[in-house]
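K.L.:
Structure for this input, please:
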Amino acid sequence: MAYNHKAELSKPERFVGGHRLCAGCGAGIVCRAMTRALDEGDKAVICNATGCLEVSSFLYPYTAWEDSYIHSAFENASATCGGVEAAYRALKKKGRIDDTFKFLAIGGDGGTYDIGFQSLSGAMERGHDMTYFCYDNEAYMNTGIQRSSSTPRFANATTSPTGAESLGKRQNKKDLTGILAAHRIPYVAQTTFLGNFKDFHEKAHRAIYTPGPAFVNVLAPCPRGWQYSPELLPEICKLAVETCVWPLYEVVEGKWMLSYEPKKKLPVTEFMKLQGRFRHCFRPGNEWTLEAAQQSVDEQWETLLARCV
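P.N.:
Below you'll find the model as predicted:
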């Protein structure tokens, strides 16, 4: 069925107001769009790794979730979700459960790229019928904006600060989407918040209703960590795509497919200049950092184009 934005917005909310997420935070947008991708009538179990989202959306006895919700430790949301999914299959086989449940795990980049990667890799390899959503805000935002392996090179963070002897993080961002594709699972996708959310919704729905394990990586900007004014979130997401910093693509049964190719690829500086975490890169004498960032994006983009059919 073709995507109908008005119809999707008319669905009852499954991630509701009253949470404590910051204005301009991408995590809450991920949750609303993710749960909206569920078919009406289907139930869900949400397994959430420790992080901004968990502390902001669930503080017993208060919750922003309309579906069954499990708070897991930083490192084991995938293992928890896989265990619940296995129990569901056993009970379903015995005829003790009639309802249809979908199993969704969600975590930030700290709980996905880093601390939770081992359990994520294991759950994907075991073949659990579950979908993992990463809201990638590119640092440990909940505990003070420390760098993660998702933090891009040259970004300022509290554990990779800028100063006389440092120009932010020295290492490149980890390609987690590519790593999950290397697990040869049925479905992997990369998306963010664009326009009427067609790209996000279609990928989320496809991931949830593809039998077996699936992974969706969502660029989810953070106003505090990225240092931007909250109303700029849509523009930053758009520029991430138009500069090819965050390309949109999916891998279906091992087949790489590009979702969108910019008509005119913009320079990476258009994306970086809106964020205070890259402010130092634009100071006299630091021009080489902008050149290095552009070269890295160009190389990754060409590699992706070569993979896609």
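K.L.:
going forward, measure contacts between C-alpha atoms and count neighbours the same way
P.N.:
OK.
K.L.:
Can you report how many residues lie near Y60?
P.N.:
The local packing of Y60 (other CA atoms under 10 Å) involves 6 other residues.
K.L.:
pLDDT wise, what is it at?
P.N.:
Looking at Y60, its pLDDT is 87.
K.L.:
go on, the one 10 residues further on?
P.N.:
Here, the pLDDT recorded for I70 equals 97.
K.L.:
okay, and for the stretch 1-150 of the chain, where does confidence drop off?
P.N.:
For the stretch 1-150 of the chain, applying pLDDT under 70 flags the ranges 1.
K.L.:
all helices in it, in order from the N-terminus.
P.N.:
5-9, 26-36, 52-57, 77-93, 109, 117-126 (DSSP state H, counting those that start in this stretch).
K.L.:
Could you pull up phi and psi at N217?
P.N.:
phi -100, psi 120 (degrees, to the nearest 10).
K.L.:
Now name the helix or strand holding E202.
P.N.:
Using DSSP states H and E, E202 sits in helix 198-209.
K.L.:
Pull that helix out as PDB, backbone CA atoms only.
P.N.:
Presented in PDB, the C-alpha positions along helix 198-209 are these (Å, rounded to 0.1, in the frame of the first residue of the first chain):
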ATOM      1  CA  LYS A 198       8.000   8.600   3.800                       C
ATOM      2  CA  ASP A 199      11.600   7.200   3.800                       C
ATOM      3  CA  PHE A 200      11.600   6.600   7.500                       C
ATOM      4  CA  HIS A 201       8.100   5.000   7.600                       C
ATOM      5  CA  GLU A 202       8.600   2.700   4.700                       C
ATOM      6  CA  LYS A 203      12.000   1.400   6.000                       C
ATOM      7  CA  ALA A 204      10.700   1.000   9.500                       C
ATOM      8  CA  HIS A 205       7.600  -0.900   8.300                       C
ATOM      9  CA  ARG A 206       9.700  -3.100   6.000                       C
ATOM     10  CA  ALA A 207      12.100  -3.800   8.900                       C
ATOM     11  CA  ILE A 208       9.400  -4.700  11.400                       C
ATOM     12  CA  TYR A 209       7.500  -7.000   9.000                       C
END
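K.L.:
Need the residues that contact that helix.
P.N.:
3, 5, 33-34, 36-38, 102, 104, 130-131, 187-189, 191-194, 214-216, 250 (CA atoms under 8 Å, 6 or more residues apart in numbering).
K.L.:
Report the mean confidence score over the top helix by length along the chain.
P.N.:
In terms of residue count, the longest helix belonging to the chain (DSSP state H) is helix 287-307. The average pLDDT within helix 287-307 is 98.
K.L.:
what angle sits between the helix holding E202 and helix 26-36?
P.N.:
60 degrees (axes from the mean of the first three to the mean of the last three CA atoms, to 10 degrees).
K.L.:
buried ones in helix 198-209?
P.N.:
For helix 198-209, burial by neighbour count (16 or more other CA atoms under 10 Å) applies to 199-201, 203-209.
K.L.:
Likewise for stretch 38-51?
P.N.:
38, 43-51.
K.L.:
what do you get for stretch 136-143?
P.N.:
Buried, per 16+ other CA under 10 Å, within stretch 136-143: 136-142.
K.L.:
can you list these in a markdown table and add distance to K11?
P.N.:
Shown next, in a markdown table, are the buried residues of stretch 136-143 (distance: CA to CA, whole Å):
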| residue | distance to K11 |
| --- | --- |
| D136 | 26 |
| N137 | 27 |
| E138 | 30 |
| A139 | 32 |
| Y140 | 32 |
| M141 | 31 |
| N142 | 30 |
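K.L.:
mind listing which of those are in strands?
P.N.:
Among the buried residues of stretch 136-143, DSSP state E puts D136 in strands.
K.L.:
Just the buried residues of the contacts of helix 198-209.
P.N.:
For these, buried by 16+ other CA under 10 Å: 33-34, 36-38, 102, 104, 130-131, 187-189, 191-193, 214-216, 250.
K.L.:
among those residues, which are in strands?
P.N.:
Per DSSP E, the buried ones among the contacts of helix 198-209 map to strands at 102, 104, 131, 187-189, 191, 214-216, 250.
K.L.:
Closest one of those residues to N286?
P.N.:
T191 (30.8 Å; CA to CA).
K.L.:
Check the burial of the closest residue to K92 other than its chain neighbours by counting its neighbours.
P.N.:
In space, and not counting its chain neighbours, K92 is closest to D98: 6.8 Å by CA to CA, 6 or more residues apart in numbering. For D98, the neighbour count with other CA under 10 Å is 9.
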